[in-house]
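**Student:** Sequence plus the predicted model coming up.
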Amino acid sequence: MKTPPHSAEAERAVLGSILLDTVGRSDDRVLDECLSRGVVPESFYDPCNRLIYQTMIDMNRASKPLDALSLMEELRRTNRFETVGGAGFVQSLIEQVPTTAHAEHYISIIKGKHLRRMLIERATKVVENGFNEEEYPDPQVVLGDAERTFLEIGGTGGNTMPWSSAVDDSFKKIDRLFESGGKVMEGLSTGYKYLDETLQGLKPGEMIVIAARPSVGKTSLAMNIAESVALGQMITTGQRVPYDDGRQHPVAIFSLEMPVEQLTKRMLAGRAQINMWRLNRNLVSRNEKRALTENLMQAMGELRNAPFYVDDTAMLDVMDLRARARRMKKQHGIELIVIDYLQLCTCREGARQSRQIEVSMISQQIKAMAKELKVPVIVLSQLSRANEQRGDKYEKPKLSDLRDSGAIEQDADVVFLLRRPSRNSNDPESQDQTLAYVDIAKNRNGETGEVKMSFIREHTRFIDREPEHTAVENFQSSEQPPEQGEFAPDPLS
């Protein structure tokens, strides 16, 4: 057994500098430096030094004068005076520090020693978990815990931002909006003009849920948004995103439902405007094939070097997902995460309990991941059949229709409820085969409401729809595939 790393001399020098610094001064510069650099009572290895530092913090919070006499009086009041060694020990702290000029150096020493002790402690715990095969039968769980616990060390000082700095940052953002004339957003562009106007972008730390019944197009919408973010282009026009001058942003995709080959095939076909149903059945003329080949080559060139990082592991545990996302963030600087879809995630801790509790834990972990990595996370979710059983001819989904758990509605910052009237014969707008509604049912930091879009079914692609728009132009092919139920299935089935 070795003695954990520590420096009793540096610890006493920091405490002495704090006491000496207050002589003839109205502020506590050294103590403020300690707090701003994340020095906590646990940073002191000696229990006596730890008690004295905790007392100093308490006195500072209570706006009490901090000098040797006041400190001793406070130690007596809290029954700590004899524990720390009495008046002789407190006086020795001042006597051994002639000046506070080197206080920052002493602080760096105890911070370094504390970091080493934490590394040893966490590493020891990881070793214990590695040997404990009964409680941790899956080594991936041990790996995920190890990554999380070591990455947490870097944030030991906490994420507290001084209030003045928070106000200054917010002022700058608002002032930038004034000066930009609406050309600056708070987050990443979705690639859709009217969605951006409502959302003001996908903001860091937000959990965005896209919910719909099966085969409505939630995967297509999520992939279209991911494509726009990764390429820095608007989906409808193909022009550069105006808000950040078309900058490309790395995107991580966790495709729990669809293999990566199918995902890339769909994205290539959509971007090249290829009707895969007609192509598979050899219904494309030779001239059309020549033109489509050129489109496909251009789409391949654009997507090939796009910053996409895809993990298509099935039935992924949410803690493993978080660990992999941390790695992607560290290695590739991920700025957007897409999860397809929530109900296919698992949670070992909640698996032995009800499905509702398990989904609640998955939702909480995804929200925590968004805050930890400071990136927007788009997560797809199934809806229950409740909207089809209410007797509403529009069959409009509600937040309460989110499947398996109400925690999804609670944890999400933004919720899209997606519907296509053409799939409901009772809907008055069912004849419009391209019409789609994105109902922003929840928006914690902005407005809500419905946004009309056009869904190009043969290309599995959403595009902007002008308010007066009734037909899709320049996107429709001359021959339409059969409707669902005639000869061919819906491409999203």
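**Tutor:** Happy to help now that I have it.
**Student:** OK, contacts around the nearest residue to E335 once chain neighbours are set aside?
**Tutor:** Closest residue to E335 apart from its sequence neighbours, by C-beta to C-beta, 6 or more residues apart in numbering: H249 at 4.1 Å. Where you see a C-beta, it was placed from the backbone N, CA and C, and this is true even at glycine. H249 makes contact with 188, 229-230, 232, 307, 335-336, according to C-beta atoms under 8 Å, 6 or more residues apart in numbering.
**Student:** how does the chain divide up, domain by domain?
**Tutor:** Per the record, the chain has its domains at 1-154, 188-464, by automatic domain parsing.
**Student:** residue ranges for the strands of the stretch 301-450 of the chain, please.
**Tutor:** Secondary structure of the stretch 301-450 of the chain (DSSP state E, counting those that start in this stretch): strands at 308-311, 336-340, 377-382, 414-419, 435-443, 449-456.
**Student:** Format these as TSV; extra columns: distance to L283 and mean pLDDT.
**Tutor:** Shown next, in TSV, are these (distance: least, C-beta to C-beta, whole Å; pLDDT from 0 to 100):
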stretch	distance to L283	mean pLDDT
strand 308-311	31	90
strand 336-340	30	92
strand 377-382	32	91
strand 414-419	29	90
strand 435-443	25	88
strand 449-456	17	88
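**Student:** Would you mind giving these as a markdown table with distance to K113 and mean neighbour count added?
**Tutor:** Listed next are the strands of the stretch 301-450 of the chain as a markdown table, based on distance: least, C-beta to C-beta, whole Å; neighbours: other C-beta atoms under 10 Å:
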| stretch | distance to K113 | mean neighbour count |
| --- | --- | --- |
| strand 308-311 | 38 | 18 |
| strand 336-340 | 36 | 25 |
| strand 377-382 | 37 | 25 |
| strand 414-419 | 44 | 25 |
| strand 435-443 | 47 | 21 |
| strand 449-456 | 56 | 19 |
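**Student:** Rebuild those strands as JSON lines, extending it with distance to A222.
**Tutor:** Shown next, in JSON lines, are the strands of the stretch 301-450 of the chain (distance: least, C-beta to C-beta, whole Å):
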{"stretch": "strand 308-311", "distance to A222": "13"}
{"stretch": "strand 336-340", "distance to A222": "5"}
{"stretch": "strand 377-382", "distance to A222": "5"}
{"stretch": "strand 414-419", "distance to A222": "9"}
{"stretch": "strand 435-443", "distance to A222": "12"}
{"stretch": "strand 449-456", "distance to A222": "13"}
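**Student:** quick one on the thing from earlier: could you verify that the residue nearest to E335 is part of a strand?
**Tutor:** No: counting by DSSP: H, G, I helix; E, B strand; the rest coil, H249 is located in no strand; its state is coil.
**Student:** Next one: it from K374, what distance?
**Tutor:** Between H249 and K374 the computed distance is 13 Å (C-beta to C-beta, to the nearest Å).
**Student:** Then E358?
**Tutor:** Computed as C-beta to C-beta, the E358 to K374 distance reads 26 Å.
**Student:** Sort out for me which of the contacts of H249 are in helices.
**Tutor:** 229-230 (DSSP state H).
**Student:** for the contacts of H249, which one is nearest T313?
**Tutor:** L336 (19.0 Å; C-beta to C-beta).
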